[in-house]
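In: Structural data only, the sequence is not supplied:
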């Protein structure tokens, strides 16, 4: 009987020690790391360092200067608009002095969009006078004061003789002393007359000051020219 009681006591003590050891081990596993980084001693006596691991220094950069602080990214440059090579881009370039229409007799014709202020004013005065001429009228408002009566009389006489132009062509006005001069061609039903038109400034306006042309030549029938037309920039290459 005494032997049975002693064996039971030994088994009970063994069970209690085993449960206590298991509880202690479980507690050591669940224990959080020390926030201050101090070592924690495990129940078994082993020291565990819980401090955060630092990256190893760069051994190859010994003696190098400290890395500068990260700088802000440089401001990006303004975006460059692509060049428009289409029709709209061509129109945006404005007036271009290219190959202009020409007349066989008087050469290049005027392009009003390419004229300066004085040249444009002289062209407008000439166009007003010549448009009235083709309608069988005399426009005295576009004529300079001194030659006004003589020029109006010349146009009136041409209309009386039946020398009525059906169209006119004018070259670009160019400077000639104190005046501007332009090549002129009057086209009649049978022929044409070639000459020059002059304009000068009077009282702030540019007015027609002279007409060097014989309207009677419009009655002379002309044969159709058999020449081939070449624009002026290339005519010299062909001997024209």
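Out: Right, received. Where do you want to start? Quick caveat: nothing in here was measured; it's all calculated off a predicted structure.

In: So which residues of the chain form strands?
Out: 40-41, 47-48, 102-103, 107-108, 167-170, 174-176, 179-187, 192-202, 205-212 (DSSP state E).

In: which stretch among those strands comes nearest residue 114?
Out: strand 107-108 (10.7 Å; CB to CB). Every C-beta, even on glycine, is put in place using the N, C-alpha and C of the backbone.

In: avg pLDDT for the closest one?
Out: Averaged across strand 107-108, the pLDDT comes to 88.

In: Check stretch 160-175 too.
Out: Mean per-residue pLDDT for stretch 160-175: 94.

In: Please name the nearest non-neighbouring residue to residue 192.
Out: residue 185 (5.7 Å; CB to CB, 6 or more residues apart in numbering).

In: you'd agree that neighbour is up against residue 196?
Out: No - shown here, residue 185 and residue 196 do not form a contact pair, counting by CB atoms under 8 Å, at 10.2 Å.

In: hmm, back to that, export the strands of the chain as JSON lines, with columns for mean neighbour count.
Out: Below are the strands of the chain laid out as JSON lines (neighbours: other CB atoms under 10 Å):
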{"stretch": "strand 40-41", "mean neighbour count": "12"}
{"stretch": "strand 47-48", "mean neighbour count": "10"}
{"stretch": "strand 102-103", "mean neighbour count": "17"}
{"stretch": "strand 107-108", "mean neighbour count": "14"}
{"stretch": "strand 167-170", "mean neighbour count": "18"}
{"stretch": "strand 174-176", "mean neighbour count": "12"}
{"stretch": "strand 179-187", "mean neighbour count": "21"}
{"stretch": "strand 192-202", "mean neighbour count": "20"}
{"stretch": "strand 205-212", "mean neighbour count": "20"}
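
In: quick one: which of these is nearest residue 121?
Out: Smallest distance to residue 121 across those (CB to CB): 4.0 Å, for strand 205-212.

In: How about residues contacting that closest one?
Out: 118, 121-122, 125-126, 129, 142-147, 151, 154-155, 179-180, 184, 195-201 (CB atoms under 8 Å, 6 or more residues apart in numbering).

In: Which residues are in contact with the residue nearest to residue 192?
Out: 103, 105, 106, 168, 169, 170, 192, 193, 194, 195.

In: pLDDT wise, what is it at?
Out: pLDDT for residue 185: 96.

In: what's the answer for residue 203, then?
Out: So, for residue 203, pLDDT stands at 86.

In: number of nearby residues for it?
Out: Around residue 203 there are 7 other residues, counting by other CB atoms under 10 Å.

In: you'd agree residue 158 is up against residue 214?
Out: No - using CB under 8 Å as the test, residue 158 is too far from residue 214 to be in contact (9.0 Å).

In: From residue 135, how far off is residue 142?
Out: 14 Å (CB to CB, to the nearest Å).

In: Could you do residue 102 as well?
Out: In terms of CB to CB, residue 102 sits 26 Å off from residue 135.

In: Have a look at residue 158 and residue 214 and say which one is more surrounded.
Out: Each of residue 158 and residue 214 has its neighbours counted (other CB under 10 Å); residue 158 has more, 22 against 15.

In: give me every residue that touches the closest residue to that one other than its chain neighbours.
Out: Residue nearest to residue 158 in three dimensions, not counting chain neighbours: residue 215, with 3.8 Å by CB to CB, 6+ apart. Residues near residue 215 by CB under 8 Å, 6+ apart: 154, 155, 158, 161, 163, 165, 186, 193.

In: go on, residue 101?
Out: By CB under 8 Å, 6+ apart, the neighbours of residue 101 are 108, 109.
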